[in-house]
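Peer 1: sequence and predicted structure below; questions after.
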Amino acid sequence: MIEYRDEVWPASWKQQKETKLEVEALEHVHEPLRLPILQDNHRLFSLKQKVLSTCKPGKEDFYGFLQKMKNDMNAELEREDDGYFELNAKALIGDPQAVSFFMNEIEKYLRKTPFTGKVPDAYGTAAEALFHEWKGFGPAYRWFTDRAYSESTGLQMIGRQIFYNHRGKFVVYPYEMPSLDRVEQLKRSLLKSDPNKKLNKDNPSVEFKMDDPLWPGRFIRLAIWVSPRVWEGFTTISLRRQVVEFLDLEDQAGTECIPAEAIELIRALSGTFRNTIIAGAVGSGKTTFANTVVGEQLLGSSSCMGVVMIEKHPESILPYQIKGHRIIPIQAANEELMEVGVESLRHDPNILYMTEMRYNEWEFYLWSGEKGYDGITGTFHTVDSEDIPYQGAFAVSTRIGGSLKGHLISALKSCELVFILESVADGKKRLARISEVYYDEAANSVFANDLMRWEEEESAWSYNDKLTAGLMQKMKKKNPRASRVFLQELGHLAALKPMDGPLKESLKSKIVLNE
């Protein structure tokens with residue numbers, strides 16, 4: 001904007017010029033105009049400022065205008081539409097019809113009552129800002145709707161702060177929530193989408209899911225913590241997006257999670273249907289790899305297979321990705337997991353798939369393995385293959401009591417193979433270990449026998465073909481052809497890239513077994 005100073009105009013012209021400018025300003029109220037600046041740097045009369053100062057409260061301040069609009073529109077919409085509250089829930093998760101409805105209502109309101117103030121920086125238009133601050137996720141909405149964030153696997157709000165996962169690492173989001181009250185409003189809106197969920201001082205945490213606006217048919221997992229679980233003012237909302245479709249082993253090799261040389265080895269190993277735990281830290285890719293293992297078992301089968309998939313919250317996308325097999329996705333709460341798991345066996349499954357094992361799931365996993373079922377696959381948060389049986393036994397003992405040693409013996413009958421995944425640079429994942437877990441009667445201890453392992457110093461994988469006779473016998477009985485291919489591939493790679501020190505003892509298990 002050009003600003004004219006006193007010395008530019010002769011005194012006789014100055015008065016005429018100011019009068020003309022004021023007349024033009026009256027004709028263009030919405031165009032800001034500054035009059036000549038005096039030598040003492042004081043601005044003259046600003047017509048726009050004068051007009052805005054006489055406006056009704058809320059016209060200039062965005063959040064004041066938003067509150068007035070909400071009051072006006074809520075009264076009108078609640079009176080006219082019985083499905084108003086259902087539309088609210090759908091608008092929050094980006095349902096196109098619900099979003100269109102509210103956007104139309106907002107635009108109609110703006111035509112009657114124009115907003116003349118400044119729109120918050122996170123938004124491009126007043127209508128967009130009003131919708132997302134009223135019905136959406138506030139400034140975080142771009143993470144849900146903008147394709148630029150489609151590969152981001154997580155978003156986290158802690159109080160007003162917002163962070164998002166970018167290539168495997170959390171970074172600061174460009175905007176914050178406008179206030180703690182807005183965070184609380186969002187929390188309440190999310191809870192309304194699932195009336196069965198309770199969140200209060202007696203139940204300070206909750207988990208559920210919502211549809212992903214960017215990926216139709218997929219979902220976002222939400223976890224909310226409130227006081228007293230977290231400090232006052234630090235309400236935490238964590239969201240995890242499922243961004244990966246089903247990857248077969250060739251795809252996993254393409255992402256450098258596994259080496260191309262091991263594709264046939266792992267495919268054959270999965271074809272022996274041994275009881276397997278896919279483990280790793282949060283965000284290590286264990287669920288994706290578990291989908292790969294189970295998917296390879298289904299794709300490699302010449303007959304229709306039955307899969308019972310037991311989850312508290314939907315984790316796997318296999319039912320959408322692989323057709324031609326009897327995949328039964330079951331949702332069960334903690335207190336009913338064991339009962340539902342036992343009932344599921346009546347549906348003749350060939351594979352039991354537990355996508356997120358914590359405490360309750362271990363009871364069914366150990367029970368199934370001890371009963372002689374194979375083809376059990378589960379995921380678990382840990383990074384130590386050798387301690388898997390102990391951790392499973394400890395989980396069951398903590399939940400239902402009984403002898404820790406007895407539960408450990410049960411776990412040793414149920415856990416046969418462990419895959420360990422880890423996160424690496426640039427958001428990539430890597431298969432760090434494949435281990436056979438076994439009980440050494442002579443040493444009265446538990447060992448992990450690594451069959452494949454990532455060697456950090458060499459930046460390559462090494463291999464060990466010394467399996468226990470018990471495991472080889474089970475594999476050959478289940479699938480002779482797959483067992484033969486596996487042993488051939490493992491023997492070949494072990495000769496080329498032998499492993500040093502494949503055994504690692506579980507000191508926790510040893511202490512329990514020798515009590």
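Peer 2: Ah, there it is. What you are looking at is a predicted structure, and each value in this text was computed from that prediction instead of being measured.
Peer 1: poorly predicted segments of the stretch 251-400 of the chain, please.
Peer 2: For the stretch 251-400 of the chain, the stretches with pLDDT under 70 are 313-315.
Peer 1: where do the helices of it begin and end?
Peer 2: Defined through DSSP state H, counting those that start in this stretch, the helices belonging to the stretch 251-400 of the chain, from first to last, are 263-270, 286-299, 318-321, 337-344, 360-370, 388-400.
Peer 1: redo those helices as a markdown table? Include distance to residue 162.
Peer 2: Glycine gets a C-beta too; all of them are placed from N, C-alpha and C. Written out in a markdown table, the entries for the helices of the stretch 251-400 of the chain read as follows (distance: least, CB to CB, whole Å):
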| stretch | distance to residue 162 |
| --- | --- |
| helix 263-270 | 39 |
| helix 286-299 | 25 |
| helix 318-321 | 30 |
| helix 337-344 | 34 |
| helix 360-370 | 32 |
| helix 388-400 | 34 |
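Peer 1: in the stretch 351-500 of the chain, which spans are strands?
Peer 2: For the stretch 351-500 of the chain, the strands defined by DSSP state E, counting those that start in this stretch cover 351-354, 376-380, 417-423, 429-440, 445-455, 460-463.
Peer 1: closest one to residue 500 among the helices of the stretch 251-400 of the chain?
Peer 2: Shortest distance between residue 500 and the helices of the stretch 251-400 of the chain, using CB to CB, is found for helix 263-270: 19.3 Å.
Peer 1: just checking, what packs against that closest one?
Peer 2: The contact analysis (3 or more CB pairs under 8 Å, 6 or more residues apart in numbering; DSSP states H and E) places helix 263-270 against helix 249-254, helix 286-299, helix 480-496.
Peer 1: picking that back up, figure out which of the helices of the stretch 251-400 of the chain is closest to residue 353.
Peer 2: Each of these was scored for nearness to residue 353 using CB to CB, and the closest is helix 286-299 (5.3 Å).
Peer 1: put the alpha carbons of the closest one into PDB.
Peer 2: Listed next in PDB are the C-alpha coordinates belonging to helix 286-299 (Å, rounded to 0.1, in the frame of the first residue of the first chain):
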ATOM      1  CA  LYS A 286       5.200 -55.800  12.800                       C
ATOM      2  CA  THR A 287       1.500 -55.700  11.900                       C
ATOM      3  CA  THR A 288       2.300 -55.100   8.300                       C
ATOM      4  CA  PHE A 289       4.800 -58.000   8.400                       C
ATOM      5  CA  ALA A 290       2.300 -60.200  10.200                       C
ATOM      6  CA  ASN A 291      -0.200 -59.500   7.400                       C
ATOM      7  CA  THR A 292       2.600 -60.600   5.000                       C
ATOM      8  CA  VAL A 293       3.200 -63.900   6.700                       C
ATOM      9  CA  VAL A 294      -0.500 -64.800   7.000                       C
ATOM     10  CA  GLY A 295      -1.200 -63.500   3.500                       C
ATOM     11  CA  GLU A 296       1.600 -65.700   2.100                       C
ATOM     12  CA  GLN A 297       0.100 -68.700   3.900                       C
ATOM     13  CA  LEU A 298      -3.200 -68.000   2.100                       C
ATOM     14  CA  LEU A 299      -1.800 -67.200  -1.300                       C
END
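Peer 1: now residue 436. Nearest residue, chain neighbours left out?
Peer 2: The spatial neighbour of residue 436 that comes closest, neighbours along the chain excluded (CB to CB, 6 or more residues apart in numbering), is residue 449 at 4.4 Å.
Peer 1: next one: residue 157
Peer 2: Nearest one to residue 157, counting by CB to CB, 6+ apart, is residue 237 at 4.4 Å.
Peer 1: against residue 210, how distant is the one you found?
Peer 2: Look at residue 237 and residue 210: by CB to CB, to the nearest Å, they are 12 Å apart.
Peer 1: re the thing from before, hey, what's the residue nearest to residue 436 bridged with?
Peer 2: Taking DSSP bridges, one obtains residue 436, residue 503 as the residues bridged to residue 449.
Peer 1: ok, now the one 5 residues further on?
Peer 2: On the basis of DSSP bridges, residue 454 is bridged to residue 461.
Peer 1: quick one: it and residue 431 touch, right?
Peer 2: Yes - Residue 454 is in contact with residue 431 according to CB atoms under 8 Å; the separation is 7.2 Å.
Peer 1: hmm, residue 428 is touching residue 254, no?
Peer 2: No - because the distance of 11.1 Å does not satisfy CB under 8 Å, residue 428 is recorded as not touching residue 254.
Peer 1: joint contacts of those two?
Peer 2: Taking CB atoms under 8 Å, 6 or more residues apart in numbering as the contact rule, residue 428 and residue 254 touch no residue in common.
Peer 1: re earlier: for the residue nearest to residue 436, give me its contacts.
Peer 2: Residue 449 makes contact with 435-438, 464, 466-468, 502-503 under the criterion CB under 8 Å, 6+ apart.
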